[in-house]
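>>> Following is a predicted model, sequence given first.
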Amino acid sequence: MSRYPKIDLDGALVAITGAARGIGLATAKEFIAAGAHVALGDLDEAMVKEAAAELGVNASGHRLDVTDKGSFGAFLEAAELQHGQPLDVLVNNAGVMPNSAFLDQEDRIDRLTMDVNVYGVIHGMRLALPGMVRRQQGHVVNVASLAGKFPIKGLAVYNASKYAVVGLTAATRLEFEGTGVSITAVLPSAVKTELSSGIDYGLLPAVEPEDIAAAVVKSVRNRKAEIAVPSYVGFAANGAPMVPEGVMRVFRHAVHDDAAITRVDDSVRKAYIDRIESQQ
């Protein structure tokens with residue numbers, strides 16, 4: 001028997017960050033298909049409102065800057081007001097993934113990465129959890145990454161941000177034990193979205209946004225602590241620290257684990273970095 005009260009998605013209110021495109025939009029579609037009411041938040045106000053309109057009357061679109069706690073609070077307040085009910089599920093999905101050799105990456109990009117990927121999650125949890133605890137029911141999904149367990153060359157600060165989210169999720173899940181509120185980390189491998197566009201990961205597995213969306217929705221039902229997508233890569237990431245460094249070095253070389261530095265379409269990556277910087 002689950003330790004958590006069941007959340008019936010038919011009629012539940014779900015808020016999703018970074019929902020104008022990619023994983024966030026795919027997740028919104030999956031929740032809508034399950035009968036939920038969904039509030040989509042994103043920095044790109046025009047795009048997120050258009051996405052919500054296409055999803056139908058059970059969806060709403062809102063401008064959201066996850067790095068600004070006031071903006072996040074206004075988003076959650078607007079979601080509850082517009083849909084006329086309290087929040088059942090928060091999906092902290094918004095994220096950025098700059099790639100660069102560590103010594104080449106600029107300080108402002110480091111700060112942007114930590115502000116979005118870490119503080120964006122912290123803001124959402126601190127704002128949404130009190131109401132959930134009062135109601136003794138709720139679920140938070142933090143979309144982290146397998147890069148939160150398996151370091152990749154060229155993604156050092158991104159790795160650091162996702163390690164932080166994995167640890168934050170695990171610690172808060174323990175802290176909220178017995179409140180009726182669950183917290184899950186979903187850990188995708190490389191996902192075929194703009195986030196990883198222009199990087200040729202070679203043999204490393206890549207998944208579709210819909211695969212992550214299905215895992216997020218499934219987490220509301222199973223309330224697991226962590227869900228890796230694909231699952232076998234999760235087992236590999238958990239086991240990697242037990243493999244001798246020399247053996248792991250050979251494996252890493254074979255799969256081109258330096259792809260984020262050496263197998264990159266610079267023009268595509270520049271367009272992505274320019275976009276995420278311009279919206280701040």
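Done, it's in. Residues are numbered from 1 along each chain as shown.

>>> element containing the nearest residue to Ala59 once chain neighbours are set aside?
Excluding the flanking residues, the one nearest Ala59 by CB to CB, 6 or more residues apart in numbering is Ala52, at 4.2 Å. (Glycine included, C-beta is placed from N, CA and C.) Ala52 is part of helix 45-55 when elements are defined by DSSP states H and E.

>>> Strands along the stretch 51-200 of the chain, start to end?
Per DSSP state E, counting those that start in this stretch, the stretch 51-200 of the chain has strands spanning 59-63, 89-92, 138-143, 181-188, 190-191. These are given in chain order.

>>> list the helices and strands the first one packs on?
So that's strand 59-63. For strand 59-63, the elements it packs on are strand 37-42, helix 45-55, helix 69-83, judged by 3 or more CB pairs under 8 Å, 6 or more residues apart in numbering; DSSP states H and E.

>>> Please repeat the previous calculation with a cut-off of 10 Å.
Under the contact definition 3 or more CB pairs under 10 Å, 6 or more residues apart in numbering; DSSP states H and E, strand 59-63 sits against strand 13-17, helix 22-33, strand 37-42, helix 45-55, helix 69-83.

>>> circling back to that earlier point, what's the helix holding Ala52 in contact with?
With contact meaning CB atoms under 10 Å, 6 or more residues apart in numbering, helix 45-55 is reached by 16, 18-21, 24-25, 28-29, 31-33, 38-42, 44, 58-64.

>>> circling back: mind checking how far the residue nearest to Ala59 is from Leu174?
In this view, Ala52 and Leu174 are 35 Å apart by CB to CB, to the nearest Å.

>>> ditto for Ile32
32 Å.

>>> out of those two, which sits in the busier spot?
The residue with the greater number of neighbours, taking Ile32 and Leu174 and applying other CB atoms under 10 Å, is Ile32; the counts read 18 against 10.
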